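Asks: The following block contains a protein sequence and its predicted model.
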Amino acid sequence: MTAAPEGAGHGPGTAVAPAVLALESAGWTVGGATILSDVSLDVREGEFLAFIGPNGAGKTSLFNLISGLVPATTGRVLLDGADITGEAPHARARRGLGRTFQTSSLWPAMSVAEHVRLAAQAAGGGSYRIWRRASRYQDQVDDVLVRTGLTHRADVPARSLSHGEKRKLELAVLLVGEPRLMLLDEPMAGVSAEEVPALTELIRGLHRDEGRTVLMVEHHMDVLLGLADRLAVMHHGSLLALDTPEAVTADATVQRAYLGAAL
Ligand SMILES: Nc1ncnc2c1ncn2[C@@H]1O[C@H](COP(=O)(O)OP(=O)(O)OP(=O)(O)O)[C@@H](O)[C@H]1O
């Protein structure tokens, strides 16, 4: 396993946890186009690492590479020190890696509770077709709905949910598998300004109270500045900067490449 410099990106005196995820010069080339190039980073247990960068910088592609949806054509991916570069997404999921997607993955006519129940059944090894035995997952469903604040919406079909509630439901489905490492790809996308604070608090709780390691792509800088331990700035498929939010936002190169006058 690659070790990051002691305490890199963490405050002085902060205990250094072991790396749960490490990328070693990871890259992805497809159809002659290099989408990701030489990305190296360590993510520590319990850390919140946010990815920012302009459209097309490679943030989603990097999440795809980490979760195994696209192959690393160069370099290595390590989870808890084990080389998982060649592993399929489901094998990575079994190791505790879970992710959400930028676009909604819900079934419009299916209720909130049914989504979570189906995920619980799948995680428990049950067939998607055996609905009669679904009742045995009820406690798990109730627990996840409470944690995501969706109990009062349990019987509502997904199509009737607000954008913020849909994002919560996607998190609920993810939480059924109790992933230790969560990759959240733009969880605030399409969410109204009024719903952003509640969703932010939910994600903060999953990180701070439940101790999960979180990687999150997000364009809302105001959200990230109160949430992320470190910011990774992607630019043209490479990692331009990786440091505390304060250091990154003060970095002149980052400002020129991406942040500009917004900060
Ligand atoms: N399967 C693919 N084949 C070819 N090019 C691809 C493929 N997937 C992504 N790309 C290209 O890779 C680049 C990075 O895309 P990616 O979606 O990872 O960026 P992003 O930083 O997540 O952007 P956004 O903020 O808009 O979501 C883009 O130019 C995109 O067109």
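Replies: Received it, and whenever you're ready, just let me know what you need.

Asks: Near the ligand, which residues of the stretch 1-150 of the chain are found?
Replies: With Cβ under 6 Å from any ligand atom as the criterion, the stretch 1-150 of the chain comes near the ligand at residues Val30, Gly31, Ala33, Ile35, Gly53, Asn55, Gly56, Ala57, Gly58, Lys59, Thr60, Ser61. C-betas here are computed from N, CA, C, even on glycine.

Asks: May I see the ChimeraX selection of the buried members of those residues?
Replies: Restricted to buried positions by 16 or more other Cβ atoms under 10 Å, the ChimeraX selection for those reads:
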select :35,53,57,58,59,60,61
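
Asks: Make CSV from the residues of the stretch 1-150 of the chain next to the ligand and add pLDDT and secondary structure to it.
Replies: Converted to CSV, these look like this (pLDDT from 0 to 100; DSSP: H, G, I helix; E, B strand; the rest coil):
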residue, pLDDT, secondary structure
Val30, 95, strand
Gly31, 93, coil
Ala33, 95, strand
Ile35, 97, strand
Gly53, 90, coil
Asn55, 89, coil
Gly56, 92, coil
Ala57, 93, coil
Gly58, 96, coil
Lys59, 96, helix
Thr60, 96, helix
Ser61, 97, helix
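
Asks: and of the residues of the stretch 1-150 of the chain next to the ligand, the nearest to Val116?
Replies: Distances from Val116 to those, taken as Cβ to Cβ, are shortest for Thr60 (25.1 Å).

Asks: check contacts around the closest one.
Replies: Applying Cβ atoms under 8 Å, 6 or more residues apart in numbering, we find Thr60 in contact with Gln102, Asp185, Val217.

Asks: ok, Gly81 to Val20 distance?
Replies: Remark: distance between Gly81 and Val20 (Cβ to Cβ, to the nearest Å) = 9 Å.

Asks: Show me what the spatially most central residue of the chain bridges to in the sheet.
Replies: Per Cα atoms, centre = their mean, the C-alpha nearest to the average position across the chain is that of Leu183, at 1.6 Å. Under DSSP bridges, the beta-bridge partners of Leu183 are Arg99, Leu215.
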